[in-house]
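Trainee: One predicted model, sequence on top.
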Amino acid sequence: MTAAFYRDYVVDLKARIDALHADPEAFQTYDLTMEILARKSLVSYSWKRQKGQTDSLFYRRDTATGQGAQMQQQTAYAVFAGFFGLGQFLAATGRTAGLAEEQFAEALTVGWEYPTCAVHFAYRKRGQPKAASMKMLFIGLNGDADAATYEQALALDDLLVTARPFSSSVLWEWK
């Protein structure tokens, strides 16, 4: 099995998210939810505007102790910007192979070695006739060689996307 690379997709995704951060008024509606799981720590980022109302929540939670703390938006986004700056990305299919949530997280991160990031981004720019949305789960890697090492270490073959564009009932590329 050879997993599909997603570096180009993540570069485009980051550019769209950066555009939202640079000028949120250019967007009529948006719903950006990101969660990164790295070193048994979860950082969650939620920023939404619908019907003229904006809502947001940014926090960090230690998955081992359950202790959490709210974060500033800029601090939380810096964590995701660092992830998006990695050298290569693979995407998960969303199939859990019957594993419990903790087991799935441990399998996908290969014993907490590799960061994973779930992104759901839906938006409609002002003056545009339709909205765009995506929902994907990425594994961040240092480069192509690291991706090969990750793929070999992954215990379950059907967890990774092998063909692009990917779309399922749970996860999908831009539509």
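Mentor: Arrived safely. Numbers count the residues shown, from 1 in each chain.

Trainee: quick one, strands of this structure?
Mentor: Secondary structure of the chain (DSSP state E): strands at 27-38, 41-50, 53-62, 68-70, 88-91, 116-125, 132-141.

Trainee: Can you dump the C-alpha atoms of the third one in PDB for me?
Mentor: This file holds the C-alpha atoms of strand 53-62, laid out as PDB (Å, rounded to 0.1, in the frame of the first residue of the first chain):
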ATOM      1  CA  GLN A  53     -22.700  36.300  15.200                       C
ATOM      2  CA  THR A  54     -19.100  35.200  15.900                       C
ATOM      3  CA  ASP A  55     -18.200  32.600  18.400                       C
ATOM      4  CA  SER A  56     -14.800  31.100  19.300                       C
ATOM      5  CA  LEU A  57     -13.100  28.800  21.700                       C
ATOM      6  CA  PHE A  58      -9.400  28.000  21.900                       C
ATOM      7  CA  TYR A  59      -8.000  25.600  24.500                       C
ATOM      8  CA  ARG A  60      -5.300  23.000  25.400                       C
ATOM      9  CA  ARG A  61      -6.000  19.700  27.300                       C
ATOM     10  CA  ASP A  62      -3.600  17.100  28.600                       C
END
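
Trainee: elements contacting that strand?
Mentor: Counting contacts by 3 or more C-beta pairs under 8 Å, 6 or more residues apart in numbering; DSSP states H and E, strand 53-62 is packed against strand 41-50, strand 68-70, helix 73-84. For every residue, glycine as well, the C-beta is placed using N, CA and C.

Trainee: before we move on, what about the fourth one?
Mentor: Judged by 3+ C-beta pairs under 8 Å, 6+ apart, the packing partners of strand 68-70 are strand 53-62.

Trainee: Brilliant, that's me finished.
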